[in-house]
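Novice: Coordinates for the following, if possible.
(one chain, ligands or ions: 1)
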Amino acid sequence: GDMQLETELLILGSGPGGYGAAFRAADLGLEVTVVDPAPAPGGACLHHGCIPSKTFLHLAGLIHDAKRAREMGVHFGTAEIDIATLSAWKEKTINELAGSLSTLFTQRNIELIHGHASFIDSRSVRLQGGGISKITFQHAIIATGSRPTSFSAVDFDSSDRILSSTEALQLAEIPGKLLVVGGGIIGLELGSIYSSFGSKVSLVEKEKRILPQVDKDLVEPLFSNLAAEFDTLATHTEAIKIRAQEEYVEVELETDGIKTNKRYDKIIVATGRSPNSNRLDLENTDVKLDTAGFIEIDDTLRTDDKNIFAIGDVTGHPMLAHRATRQGQTAAEVIAGQPSAYDIRAVPATIYTDPQISWCGLTEQEAHEHSLPYEVRKFPWKYSDRARSMGRTDGLTKLLTDPDSGRILGMGIVGRGAENLIAEAVLSIEMGALAEDLALTLHPYPSLSETEAEAAELFSGAAIHF
Ligand code: FAD
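Specialist: Numbers count the residues shown, from 1 in each chain. This is a model prediction of the structure:
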């Protein structure tokens, strides 16, 4: 149609970035319109990312725990996977969360319009796929997220044997032999899911190690677990050619110049994500992109076009939901006239594998790369009474501090439950806490949270259990 609309604040995208911005803006009294071509709000995170992956990883964790319980004298038998029920559970979870989000939009009188927006100029967009054709705005926030990147060897649409993370999380079937290309967070999480549901998983990573951005000592316990569980876990190995046939996929792998051909039932390509900045007609605005296509922003989330802000995955790394949401809230505050800025000292990141890895603030690797001074103490979980009682001594808690002040600069944790343990470190860093503050804070015994206090105790001598 040719219906037109005027709004104070237009938000492109209803993912964690878009809804974070929309809710804060509405709460601050702005009139807000959100557009998204997807059938339901929530973005990649809710529909193809965080939520489906964590739903499946929860079950993968149960399967692992059941196997471990055998050594302790409790037998559950073999896991039987009923794909239809499993998929229905995942869909139900997503639909309920999308429904709750829709309610929150309605309660705040935020209009959610269906359509794909692209810029006419710095004050208006054209819409495709909805009843409204043009929206004029005073301010706009671009929160269009990212999509799976394919690499030269692959065309996702060429065969249903070649899957992106989006398709892999549809979990249409559990293939017998599966290759995962990419040893980053997404590849490792998907490999773990399929492996625990019964696939023979091979994973290849072209770098020298999996998770190259994470400290080596944190990756080791995960690497050895996955190396034992997967059929193969090969680093320094690149998938060069991928050819889908009727009955299988043929892959040419190269390790140190040596090429081999392998066949798999399916392959998951998890080699990175690209920003959704290419179909927005940004050349009609003053918005600038970097060489990778990410939208350039300042610390108030403003682009080079004064009316237009950008948040979340479309602005670059780290591509995480909680970062997108906070950026969105901040952009809304700036647009509402508040003196706000995105000034985060510690962004927590978690890999929800078994064991999990979480870190925040400075990593040892970063400190080395930038020659930053730091002190580090490490508390191995074999000295944690709680870890022993659970048979989970495959953990490590490490703490980085500033050598002059003793302030906590970073924490890294590998081990069960790292996702929750890291929160204390994030607060410590945001509050400017010293290692001593953490050491003097009482932690419940026997709990894994003690590993954080004990790592802190190591700065002033011995920890109680180490
Ligand atoms: P998105 O969530 O991608 O939302 C963008 C929205 O914009 C989409 O709904 C899209 O339809 C819409 N859109 C696109 N173009 C237009 C347009 N032209 N006009 C209007 N609307 C448009 N992060 C975590 O923090 N924790 C996790 O556990 C986690 N797990 C993940 C697992 C997987 C498999 C994947 C792929 C990602 C995961 N992430 C995780 C990353 C997380 O999903 C992203 O960081 C997050 O979704 C970014 O939010 P966003 O709002 O920037 O974009």
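Novice: could you pull out the helices for the stretch 1-150 of the chain?
Specialist: Assigned by DSSP state H, counting those that start in this stretch, the helices in the stretch 1-150 of the chain fall at 16-27, 43-48, 50-69, 83-107.
Novice: What is the burial count for the nearest residue to residue 123 once chain neighbours are set aside?
Specialist: Of all residues not flanking residue 123 in the chain, residue 136 sits nearest, at 5.9 Å (Cβ to Cβ, 6 or more residues apart in numbering). All C-beta spots, glycine's among them, are computed from the backbone N, C-alpha and C. Neighbours of residue 136 under the rule other Cβ atoms under 10 Å: 14.
Novice: ok so, going back, deepest-packed of the helices of the stretch 1-150 of the chain, please.
Specialist: With neighbours taken as mean count of other Cβ atoms under 10 Å, these reach their highest mean count in helix 16-27, at a mean of 26.
Novice: Could you write out the alpha-carbon coordinates of the strand or helix carrying residue 268 in CSV?
Specialist: Residue 268 is located in strand 266-269, with elements delineated by DSSP states H and E. This file holds the C-alpha atoms of strand 266-269, laid out as CSV (Å, rounded to 0.1, in the frame of the first residue of the first chain):
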residue,chain,number,x,y,z
LYS,A,266,25.6,-33.3,6.7
ILE,A,267,27.9,-30.3,7.4
ILE,A,268,27.4,-27.3,9.6
VAL,A,269,29.2,-24.2,8.5
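Novice: circling back: make CSV from the helices of the stretch 1-150 of the chain and add mean pLDDT and distance to the ligand to it.
Specialist: Formatted as CSV, the helices of the stretch 1-150 of the chain follow (pLDDT from 0 to 100; distance: least, Cβ to the nearest ligand atom, whole Å):
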stretch, mean pLDDT, distance to the ligand
helix 16-27, 98, 3
helix 43-48, 98, 2
helix 50-69, 97, 4
helix 83-107, 97, 11
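Novice: Quick one: closest of those helices to residue 158.
Specialist: Residue 158 lies closest to helix 43-48 among the helices of the stretch 1-150 of the chain, at 19.6 Å (Cβ to Cβ).
Novice: Show me how far the closest one is from its chain's centre.
Specialist: Remark: helix 43-48 is offset 11 Å from the chain centroid, using Cα atoms, centre = their mean, to the nearest Å.
Novice: next one: stretch 102-118
Specialist: 24 Å.
Novice: What distance separates the opening and closing residues of it?
Specialist: Using Cα to Cα, to the nearest Å, one end of stretch 102-118 lies 23 Å from the other.
Novice: And the pLDDT at the closest residue to residue 384 other than its chain neighbours?
Specialist: Counting by Cβ to Cβ, 6+ apart, residue 384 lies nearest to residue 451, which is 5.3 Å off, once chain neighbours are set aside. At residue 451, the model reports a pLDDT of 98.
Novice: Which secondary structure elements does the helix or strand containing residue 451 sit against?
Specialist: Remark: residue 451 resides in helix 450-457, with elements defined by DSSP H and E. Packed against helix 450-457 by the contact rule (3 or more Cβ pairs under 8 Å, 6 or more residues apart in numbering; DSSP states H and E) you find strand 375-380, strand 396-401, strand 408-415, helix 418-430, helix 435-440.
Novice: check contacts around residue 216.
Specialist: 209, 365 (Cβ atoms under 8 Å, 6 or more residues apart in numbering).
Novice: Against residue 464, how distant is it?
Specialist: Separation of residue 216 from residue 464 (Cβ to Cβ, to the nearest Å) stands at 27 Å.
Novice: pLDDT on stretch 377-395, on average?
Specialist: On average, stretch 377-395 scores 97.
Novice: so what's the residue nearest to the spatial centre of the chain scoring on pLDDT?
Specialist: Central residue of the chain (Cα atoms, centre = their mean): residue 320, 4.6 Å from the mean position. Here the pLDDT value assigned to residue 320 is 98.
Novice: what's the spacing between it and residue 327?
Specialist: 10 Å.
Novice: Also residue 200?
Specialist: Counting by Cβ to Cβ - residue 200 and residue 327 are separated by 40 Å.
Novice: contacting residues around the one residue in the stretch 351-466 of the chain that gets nearest to the ligand?
Specialist: Among the residues of the stretch 351-466 of the chain, residue 352 lies closest to the ligand, at 6.0 Å counting by Cβ to the nearest ligand atom. Counting by Cβ under 8 Å, 6+ apart, residue 352 touches 53-54, 57, 189, 419.
Novice: With distance to residue 399 as extra columns, can I get these in JSON lines?
Specialist: Below are those laid out as JSON lines (distance: Cβ to Cβ, whole Å):
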{"residue": "53", "distance to residue 399": "29"}
{"residue": "54", "distance to residue 399": "27"}
{"residue": "57", "distance to residue 399": "26"}
{"residue": "189", "distance to residue 399": "26"}
{"residue": "419", "distance to residue 399": "18"}
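Novice: Just to check, residue 19 is in contact with residue 100?
Specialist: No - assessed by Cβ atoms under 8 Å, residue 19 is found out of contact with residue 100, at 10.8 Å.
Novice: returning to that earlier point: between residue 200 and residue 327, which one's more packed in?
Specialist: residue 327 (26 against 16).
Novice: Confirm that that one sits in a helix.
Specialist: Yes - Residue 327 sits within a helix when classified using DSSP: H, G, I helix; E, B strand; the rest coil.
Novice: Centre of the chain to the strand or helix carrying residue 360, how far?
Specialist: Assigned by DSSP H and E, residue 360 belongs to strand 356-361. Strand 356-361 sits 12 Å away from the centroid of its parent chain (Cα atoms, centre = their mean).
Novice: Over to stretch 329-336?
Specialist: Per Cα atoms, centre = their mean, the centroid offset for stretch 329-336 relative to its chain is 24 Å.
Novice: cool, and stretch 331-349?
Specialist: 20 Å.
Novice: Other residues contacting it?
Specialist: Residues contacting stretch 331-349 (Cβ under 8 Å, 6+ apart): 9, 20-22, 24-25, 28-30, 139, 141, 185, 299-302, 309, 311, 318, 320, 322-323, 326-327, 330, 358-361, 410, 422-423, 425-426, 429-430.
Novice: 7 Å - rerun?
Specialist: For stretch 331-349, contacts defined as Cβ atoms under 7 Å, 6 or more residues apart in numbering pick out 9, 21, 24-25, 28, 30, 139, 141, 299-301, 309, 311, 318, 320, 323, 326-327, 330, 358-361, 422, 426, 429-430.
Novice: do stretch 71-89 as well
Specialist: Contacts for stretch 71-89 (Cβ under 7 Å, 6+ apart): 63, 66, 69, 171, 173-174, 197-198, 391.
Novice: Arrange those residues in a markdown table, one row each, with distance to residue 344 as further columns.
Specialist: Formatted as a markdown table, the contacts of stretch 71-89 follow (distance: Cβ to Cβ, whole Å):
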| residue | distance to residue 344 |
| --- | --- |
| 63 | 35 |
| 66 | 38 |
| 69 | 40 |
| 171 | 34 |
| 173 | 41 |
| 174 | 39 |
| 197 | 36 |
| 198 | 40 |
| 391 | 36 |
